[in-house]
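*Asks:* I'll drop the sequence and a predicted model, then ask my questions.
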Amino acid sequence: MKKTTSKNTDGEKTSGGESVTAKRAVAGKPAAVPEKAAAAVKGAGAVKGVAAEPAKAESRTALVRRARRIDRELAGVYPYAHPELDFDNPFQLLVATVLSAQTTDLRVNQTTPALFAAYPTPEDLAAADPEAVEEILRPTGFFRAKTKSVMGLSKALAEEYGGEVPGRLEDLVKLPGVGRKTAFVVLGNAFGRPGITVDTHFQRLVRRWKWTEQTDPDKIEAEIAGLFPKSDWTDLSHHVVWHGRRICHARKPACGACPIAPLCPAFGEGETDPEKARKLLKYEKGGFPGQRLKPPQSYLDAGGKPAPPLGAG
Ligand code: SF4
């Protein structure tokens, strides 16, 4: 794990890639709320760094600075952020990403070991009995449509790309059932080519942060891409999605326990009481298992726990 020392949004020193605020969020510790955000609850926004209405006054330069600062802070909170689908090669990641529509990464990770054990290559999956594949994919929901998609894309890989996943956006999006979001997941995480992944968490958070007013995923992607250097795009996507899954939830964001509260124009949209907010946190620092059955070592080293296999929890 990369060791870093820097100042976080509270001006506190961070070390080992983990912010002091994040360390406070470890289970059992009181109030993981930054002091400025805590003051904002009482002082109704009279806090330097908590702009009451940043969208009106914020210049482009200020927006870029604030966006990058949020990303830096999130990198300190989640130094081990990674794609939450288990995969050993680009083919597995491509299939897992297609299967992740309308379900959790956890459920996909619990389902794919049986799929890839039975059909390890695109050729194998393309030649499979669809009913046998449907049975394996049943736990992911929409299993008939998903069987059609993964068998269709396996056939295309086998016939048009020699059984290899192509490493170019323009080729990936031509595969059946593969859109830009899936393509960027594969490019960013299996090929190391920068990409922004606009999923439901990403869309929600970037609008809460007033990084964009767009609602169309392609337009969101284009606007956010303009705020960050290309080399940051893949990690940025992980940071935002991780924050959305763990703290900035759709229904009950845990604002009172959020390490980026001082930079967030939507602070107060969720629970601001630090104790109540802390109970809303859903992540490894509260002892919850992750989504992956085989997480990266950096995650395990930070105390993260692997997810249980299918049927075990
Ligand atoms: S809405 Fe609340 S939880 Fe989400 S980023 Fe802002 S302060 Fe944090």
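*Replies:* Received the coordinates, thanks.
*Asks:* so how far is the helix or strand that contains Gly152 off the chain centroid?
*Replies:* Per DSSP states H and E: Gly152 is located in helix 143-160. Chain-centre distance of helix 143-160: 25 Å, with C-alpha atoms, centre = their mean, to the nearest Å.
*Asks:* hmm, who's touching whichever helix or strand comes after it?
*Replies:* Counting by DSSP H and E, the element after helix 143-160 in chain order, helix or strand, is helix 169-172. Helix 169-172 has contacts (C-beta atoms under 8 Å, 6 or more residues apart in numbering) with Leu94, Tyr161, Val165, Pro166, Val178, Arg180, Thr182, Ala183, Phe184, Val186, Leu187, Gly195. Every residue, glycine included, has its C-beta placed from N, CA and C.
*Asks:* pull out the buried residues from helix 169-172.
*Replies:* Under the neighbour-count criterion of 16 or more other C-beta atoms under 10 Å, helix 169-172 has Leu172 buried.
*Asks:* run the angle between the helix or strand following that helix and helix 143-160 for me.
*Replies:* On the C-terminal side of helix 169-172, the closest following helix or strand by DSSP H and E is helix 180-190. If you take axes from the mean of the first three to the mean of the last three C-alpha atoms, to 10 degrees, helix 180-190 sits at 60 degrees to helix 143-160.
*Asks:* in the stretch 51-200 of the chain, what residue is nearest the ligand?
*Replies:* Closest approach between the stretch 51-200 of the chain and the ligand, counting by C-beta to the nearest ligand atom: Ile70, at 8.1 Å.
*Asks:* what about that residue, neighbour count?
*Replies:* 24 (other C-beta atoms under 10 Å).
*Asks:* so how far is Ile220 from it?
*Replies:* 16 Å (C-beta to C-beta, to the nearest Å).
*Asks:* let me see the domain layout of this structure.
*Replies:* Domain segmentation of the chain under automatic domain parsing yields 5-77+210-282, 90-190.
*Asks:* quick one: the last one to chain centroid distance?
*Replies:* Think domain 90-190. That offset, for domain 90-190, works out to 20 Å (C-alpha atoms, centre = their mean).
*Asks:* what's the first-to-last distance across it?
*Replies:* 5 Å (C-alpha to C-alpha, to the nearest Å).
*Asks:* many thanks, we can stop here.
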